[in-house]
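Colleague: Fold the following.
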Amino acid sequence: MILVISLVCMILLGGLEFYLAGRKSKWPGLVLPVLAAVLLLPLSISIAGVYFPVPVSDYSIGDETLEDANVYIGVIYDETDHMAAFSDLKVKSNSTGEVSWLPLEFDEKGELVGGAQAMKYAEAVERLAEDIPEAKGRSSSSPDQMRWQYVKHNKGGYRDAALVTILYSLSVITYFCVYGIMRKRVRKKKLHMLNNL
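Modeller: The predicted structure follows:
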């Protein structure tokens with residue numbers, strides 16, 4: 001739906017560009033391509049922010065409030081709703097707000113066996129891990145690994161984001177091409193009129 005709306009808007013704006021670039025003055029025709037080019041970077045960054053977050057807090061299986069910190073484990077599910085990955089333990093200090101990421105490793109019984117720093121939170125972690133039995137015998141993923149697991153299993157959202165960005169980039173190039181073509185036509189028309197005088 002987003003792609004269709006984007007395409008329709010870009011075609012309509014392309015028609016507007018034909019009109020503006022064909023005017024006697026060269027300036028109206030530059031407004032649309034320059035504005036589109038200026039907005040390209042912020043658009044790409046905002047799309048990246050929407051589609052490529054590190055999905056830990058928003059996708060967490062639990063939020064344990066301890067005496068000194070809040071702890072989270074994020075989970076990414078694949079297309080069949082099976083766990084694709086789970087995150088390192090996110091620990092947010094209640095006093096300073098500082099966030100740290102602690103690697104986790106579970107044995108076949110679901111007990112925490114790896115990640116020396118995370119052992120401090122073993123009881124809370126094992127409670128959280130009860131909700132993800134597929135974590136047994138597995139290790140956690142870093143925030144960067146989680147990001148790419150999210151991209152991989154986001155059921156096409158990242159592809160739509162990439163397509164919108166590519167489509168928008170192509171439209172910027174097209175607007176400049178239309179501008180160049182129409183300015184040539186205007187110059188030819190002026191020359192033709194001068195020659196007929």
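Colleague: Which of the helices or strands spans Ser25?
Modeller: Using DSSP states H and E, Ser25 sits within no helix or strand.
Colleague: Show the contacting residues for Ile76.
Modeller: Pro55, Tyr59, Met83, Ala84, Ala85, Phe86, Met146, Gln149, Tyr150, His153 (CB atoms under 8 Å, 6 or more residues apart in numbering). For glycine as for every other residue, the C-beta is placed from the backbone atoms N, C-alpha and C.
Colleague: Tell me the one of those residues nearest Asn94?
Modeller: Asn94 lies nearest to Tyr59 out of the contacts of Ile76, by CB to CB, at 21.9 Å.
Colleague: Quick check: which ranges of the chain have low pLDDT?
Modeller: Where the chain drops to pLDDT under 70, the residues are 1-3, 44-66, 151, 154-161, 197.
Colleague: which helix is the longest one in it?
Modeller: helix 157-196 (DSSP state H).
Colleague: for it, packing partners?
Modeller: If you count contacts as 3 or more CB pairs under 8 Å, 6 or more residues apart in numbering; DSSP states H and E, helix 157-196 packs onto helix 2-21, helix 27-51.
Colleague: I'd like to know which of these is closest to Leu163.
Modeller: Closest approach to Leu163 among the helices and strands packed on helix 157-196 is made by helix 2-21 (5.9 Å; CB to CB).
Colleague: quick one on the thing from earlier: out of the helices and strands packed on helix 157-196, which comes closest to Asn196?
Modeller: helix 2-21 (23.5 Å).
Colleague: in the closest one, what's buried?
Modeller: Residues of helix 2-21 classed as buried by neighbour count (16 or more other CB atoms under 10 Å): Ser6, Met10, Leu13, Glu17, Leu20, Ala21.
Colleague: is it true that the second one touches Tyr168?
Modeller: Yes. At 7.4 Å, Met10 and Tyr168 qualify as touching, with contact defined as CB atoms under 8 Å.
Colleague: Turn the buried residues of helix 2-21 into CSV, including distance to Ser141.
Modeller: Shown next, in CSV, are the buried residues of helix 2-21 (distance: CB to CB, whole Å):
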residue, distance to Ser141
Ser6, 33
Met10, 38
Leu13, 42
Glu17, 46
Leu20, 50
Ala21, 50
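Colleague: out of the residues you listed, who's nearest Tyr77?
Modeller: Among the buried residues of helix 2-21, and counting by CB to CB, the member closest to Tyr77 is Ser6, at 28.1 Å.
Colleague: what's the angle from the longest helix of the chain to helix 2-21?
Modeller: 20 degrees (axes from the mean of the first three to the mean of the last three CA atoms, to 10 degrees).
Colleague: Partner strands of the longest strand seen in the chain, with direction?
Modeller: Longest strand in the chain by number of residues, with DSSP state E as the criterion: strand 69-77. Strand 69-77 has the following strand partners under DSSP bridges: strand 60-65 (antiparallel), strand 83-86 (antiparallel), strand 89-93 (antiparallel).
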